[in-house]
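fold the following, please.
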Amino acid sequence: MSEDIGGRLRAVRKMAGLSQRELAKRAGVTNGMISLIEQNRVSPSISSLKKVLHGLPMSLADFFTLDLSESAQIFYRSEELPDLGQGAISFRLVGFNRHKRSMSILHETYAAGADTGEEMLSHAGEEGGVVVRGQIELTVGTQTRVLGPGDAYYFESRVPHRFRNSGSEECFIISANSPPTF
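Residues are numbered from 1 along each chain as shown. Purely as a prediction, here's the structure:
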């Protein structure tokens, strides 16, 4: 079964919010070329398609693997977020059902006195977050800081790290890491 390149290009172009004319201008091709490809009246060469996709910008791999289904969930109600934490720590994952996620977004809750453990965490990637309420003591390598509302962090996850709520109230953090570890 052959791939509907025209339909896929139309869908990707519309997702990017571009008209055929704007995409053609950005890609350095004619408006007619975009129109003919989208109607599947011409089958573009790989180099022509790469040139058109450069106007988005998008790689060939992304073009052919992007999930264009309207059924992909975009919005999540609080009660839909699964809790991947344990005990006094809650990690509620946003986008848990997205295929091929390239990051994890978490709503983290640390009860007073909660700790990720004596053993420091270490894994591939990067992570960052913003404290929304309460305070968290964060140790990254040899550095330790107590962060409060509005304070943020961003670090290389391979560096050993640990989170501890040293305050007397719950701490809420919105965080992200890439690649996803949850």
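
low-scoring pLDDT stretches of this protein, where are they?
Scanning the chain for pLDDT under 70 picks out the ranges 1-3, 69-71.

and the strands in the protein?
Taking DSSP state E as the test, the strands found in the chain are 89-94, 104-110, 126-133, 136-140, 143-147, 152-156, 161-164, 171-178.

and the longest helix for this protein?
Longest helix of the chain, by residue count under DSSP state H: helix 5-15.

in contact with the residue nearest the centre of the chain, which residues?
By CA atoms, centre = their mean, the mean C-alpha position of the chain lies nearest to residue 103, the distance being 4.2 Å. Remark: with contacts taken as CB atoms under 8 Å, 6 or more residues apart in numbering, residue 103 is in contact with 176-180. For the C-beta atoms, the positions are set from N, CA and C on the backbone; glycine is no exception.

make a markdown table out of these and add distance to residue 153 and neighbour count.
Formatted as a markdown table, the entries for those read as follows, by distance: CB to CB, whole Å; neighbours: other CB atoms under 10 Å:
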| residue | distance to residue 153 | neighbour count |
| --- | --- | --- |
| 176 | 11 | 16 |
| 177 | 11 | 19 |
| 178 | 15 | 16 |
| 179 | 18 | 13 |
| 180 | 18 | 18 |
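
need those residues in CSV (columns: distance to residue 27).
Converted to CSV, those look like this (distance: CB to CB, whole Å):
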residue, distance to residue 27
176, 31
177, 34
178, 29
179, 30
180, 32
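
would you map out the domains in the protein?
Under the assignment named as automatic domain parsing, the residue ranges that make up the domains of the chain are 5-65, 78-178.

before we move on, the earlier item: what's in contact with the longest helix of the chain?
20, 23, 34, 37-41, 43-44, 49, 52, 56, 58, 63-64, 66, 68.

isn't residue 173 up against residue 130?
Yes - between residue 173 and residue 130 there is a contact at 6.9 Å, judged by CB atoms under 8 Å.

of the two, which one has the most company?
Relative neighbour count places residue 173 above the other of residue 173 and residue 130, with 24 against 16, counting by other CB atoms under 10 Å.

with adjacent residues omitted, what lies nearest to the more buried one?
By the measure of CB to CB, 6 or more residues apart in numbering, the closest residue to residue 173 outside its immediate chain neighbours is residue 108, 4.2 Å from it.

so what sits opposite that neighbour in the bridge?
The bridge-partner assignment for residue 108, based on DSSP bridges, gives residue 91, residue 173.
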